[in-house]
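1. okay, sequence plus prediction incoming.
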Amino acid sequence: MKVTRKDFLRIAAGSVVAAGTGTLVHALSGSAPATAATVGESKQRWGMVIDLRQCRQQGECDQCIRACHQTHNVPEVPNPAHEVKWIWNEPFAKVFPFQQSEYTRQADGGTLPVLCNHCASPSCVRVCPTKATWKRGDGIVMMDYHRCIGCRYCMAACPYGSRSFNYVDPRPHLRQVNPEVPTRSAGVVEKCDFCTARLAKGELPACVEACPQGAMVFGDLNDESSPVRQLLAERYSVQRQPHLGCGPSIFYLV
Amino acid sequence: MRDRVLIFAGLSLFLALVTYPVWQGLAARSSTAGPVLPATAAGQKCVAPRDVMRVAHMEMLMSWRDLKVRENQRTYTAADGTVYTIDLTATCLTQCHGPKEKFCDSCHAYAGVPAVNCWSCHTSPPAAPNPGELR
Amino acid sequence: MFDLALTGGRRYWSWVVFLLLLMGVGLFFYLQQLQHGLGITGLSRDVSWGIYIAQFTFFVGVAASAVMVVLPYYLHDVRQFGRITILGELLAIAAVTMCMLFIFVDMGQPTRVLNVLLHPTLHSLMFWDMVSLSGYLLINATVAYVMLNAEYKGVPAPGWIKPVILLSIPWAISIHTVTAFLYNGLPGRHLWFTAILAPRFLASAFAAGPALLILLCLLLRRLTSFDAGREAIGKLGVVVAYAMAANIFFLLLELFTALYSQVPDHIHAFEYLFFGLEGEAGLAPLMWGSVVLGVIALVALLVPRLRRNEKILATAAVLVFVSLWLEKGMGMIVGGFVPSPLGAVTPYAPTLPEWAIVAGIWATGGLLITFFYKIVVAVRAAN
């Protein structure tokens, strides 16, 4: 049989398409059990209650932020455009814009800490094309920095602005490196992970532990006797943008 | 026949490119002697036999990575029942193998597989572990 | 057949070399970006998608617009388009290639791009966008190759290609619908959170794509022996006129909803685009420019006497293309990020490396189109 150059090219192109399809089919069929295994059901749903009255008493406090950022090797990038932050302070009016009226706008609401809401129905997880971010059985929205392709779709999807992208290599901007926690590389998205590593050791999140006022209370939202549930039962609380349906696990006592 | 110069020029360029690694190796005076790894301290054993680790360490690292990050499983039980904390820096390097420059890099550089992307995030312990502290 | 692209005069080769140089410059800056990260772009924590993704969106539209010549010809027997369906399909191939490149250069970890296949995630619209774009590329490559090859050999095209061509019609609609879904399924991005985003995208696509095709046809007639025919070009003008009218109508619908309802989030998004917020009005000149150019073009296209004048038609086509390029290739995407979820107004402007990379991708698309159309012209000239 005589194979012309054109035949050869045609066969080569066909093989590439066939191989590609095969890989896709293989990947599709292979991925199903892995997903089931990674979701893992759990009765817990970790959440946090932040008592703003306590928080305000401390004035211009940033101890939770410093504790968090030191623990997790969060860099201090000088260029605000490339900033990386897991927990930070924002003015009350920015966090709860629709709790304001023209008569209360002058009132100084102070600042309050904001962080990833570890939503019950996280839109970042919905959009991620590689499952690099996903919701664990205990409600924590996790990031797998090994898998993130840096498309930043999750940043567009998060209605709380809780996600940061490493526009530059973070390492030169770390004052000191906590050797127990890996740093991140340029090109991946990162955010608060509710101190997964500390929880596994039975410790509280770093921010909760660092708060001098005990304004941050961490616990299981599914457990009626947990301190978070008791606080939520006693006091009036708000969530950020509840009307968007994401179901934040962070509650603010006002 | 007027293309002769072009043809031979092309052929020699091709040959030069194909044999480039050989010339580069000769110029760099690289040797074919394999890397020398630090001797194993008495009583020290790895999570799996050396032969297994030699061919499958990358698979184990990947599986450890996914177990810890994705399934929140933070320990690994070896075939002999020893339980290890899954941690590249704290367990693999700090407890056993020492700085990556002396352990990982020596083989990877020799085998010409240098592009491993672990160290843009993970840190390497500064010094080799003290034999007294070994598991 | 492909070798036909390799014979050309001095003018042809100078153009090719020029494009290759642009691609080289783009590649140089892309390597810089690869080394230093996306920090060399104008992107920020608040505006995390910029000109790459905006241009991607715009060129998905250009790609989808091939349907505007394929559908009339194959479903309604509009004979005048017989000579140019192939031009539309080849334009689609080049545009989809550009889209893929735009997505690729936007990635923070491009070496991990195959993770999208390795861990296919059915609930992510980005996965479906990849499926629909690569499917569209495959369909158009097959159709264009088979049709052109048949013409080259002087034999009728095989019968099985007809269903593939018909499949390309809904598929074209799908690529731009899925691309709109990328944006309008996100809570908290008020500019995009509108059910008519997909229709808006399609309307602007069916204006911008055929406008480009008009210009390419006029260019081919001037530079080569290929003539699409006055009637085909005139019909394309009608397509652009209707699509542009629909596009402006949709924009007015959006403005009504936001301005009459007075819902702050919806107003802020448009306020930023057209007037700026907190003194930041970087996109306002672009948006007003887009509106003014668009309205002028629409008037020129709607009046038959003006539209039939080829010089005016060409000018209108340029205006439509530029108008939509400004709106969709920049404003619509960047505007979605301002104000940020925490009310921050962050300006964005592409940096020099970013522009260079974008230009490199345009040059890549331009080179593909040059080669493709060169082959078409040569095949047609031989027959």
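-> All right, it came through fine. Numbering: from 1, shown residues only, chains lettered A, B, ... in the order given.
2. excluding its backbone neighbours, what's nearest the residue in chain B positioned nearest to chain A?
-> With distances taken as CB to the nearest CB, chain B approaches chain A most closely at B:Ser120, which sits 3.7 Å away. (Glycine included, C-beta is placed from N, CA and C.) Counting by CB to CB, 6 or more residues apart in numbering or on different chains, the nearest residue to B:Ser120 once its immediate chain neighbours are dropped is A:Ser185, at 3.7 Å.
3. following the chain onward from the one helix or strand A:Met142 maps to, which element is next?
-> Secondary structure assigned from DSSP states H and E places A:Met142 in strand A:141-143. Toward the C-terminal end, the helix or strand that comes next after strand A:141-143 (DSSP H and E) is helix A:153-157.
4. any part of that next one near chain C?
-> Yes. Judged by CB under 8 Å from any CB of the partner chain, helix A:153-157 comes into contact with chain C through A:153, A:155-157.
5. need the buried ones from those residues selected in ChimeraX.
-> Here the buried members of the residues of helix A:153-157 next to chain C are turned into a ChimeraX selection, burial being counted by 16 or more other CB atoms under 10 Å in any protein chain shown:
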select /A:153,155,156,157
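6. would you format the residues of helix A:153-157 next to chain C as TSV with pLDDT included?
-> Rendered in TSV, the data for the residues of helix A:153-157 next to chain C read as follows (pLDDT from 0 to 100):
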residue	pLDDT
A:Tyr153	96
A:Met155	96
A:Ala156	96
A:Ala157	96
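7. tabulate the residues of helix A:153-157 next to chain C in JSON lines, adding columns for distance to chain B.
-> What follows is those, written out as JSON lines (distance: CB to the nearest CB, whole Å):
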{"residue": "A:Tyr153", "distance to chain B": "19"}
{"residue": "A:Met155", "distance to chain B": "20"}
{"residue": "A:Ala156", "distance to chain B": "24"}
{"residue": "A:Ala157", "distance to chain B": "20"}
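8. quick one: neighbours of C:Ala297, just the number.
-> 27 (other CB atoms under 10 Å in any protein chain shown).
9. quick one on the thing from earlier: residues in contact with the strand holding A:Met142?
-> Around strand A:141-143, the neighbours that count as contacts under CB atoms under 8 Å, 6 or more residues apart in numbering or on different chains are A:116, A:118-119, A:122, A:124-125, A:132-136, A:188-191, A:193, A:196, B:69-70.
10. got the phi/psi numbers for the closest residue to A:Phe98 other than its chain neighbours?
-> Distances taken as CB to CB, 6+ apart place C:Pro264 nearest to A:Phe98, at 7.8 Å, with adjacent residues excluded. When read as degrees, to the nearest 10, the backbone of C:Pro264 gives phi -50, psi -50.
11. per-residue confidence for C:Pro264?
-> pLDDT for C:Pro264: 87.
12. now the helices: where do they sit in the stretch 51-200 of chain C?
-> Residue ranges of the helices in the stretch 51-200 of chain C, as given by DSSP state H, counting those that start in this stretch, are C:51-64, C:67-76, C:85-106, C:115-118, C:125-153, C:161-184, C:197-223.
13. most packed of those?
-> Between the helices of the stretch 51-200 of chain C, helix C:51-64 has the highest mean count of neighbours, a mean of 26, where neighbours are mean count of other CB atoms under 10 Å in any protein chain shown.
14. so which elements touch it?
-> Here helix C:51-64 touches helix C:85-106, helix C:125-153, helix C:161-184, helix C:197-223, helix C:310-326, helix C:332-334, helix C:352-382, going by 3 or more CB pairs under 8 Å, 6 or more residues apart in numbering or on different chains; DSSP states H and E.
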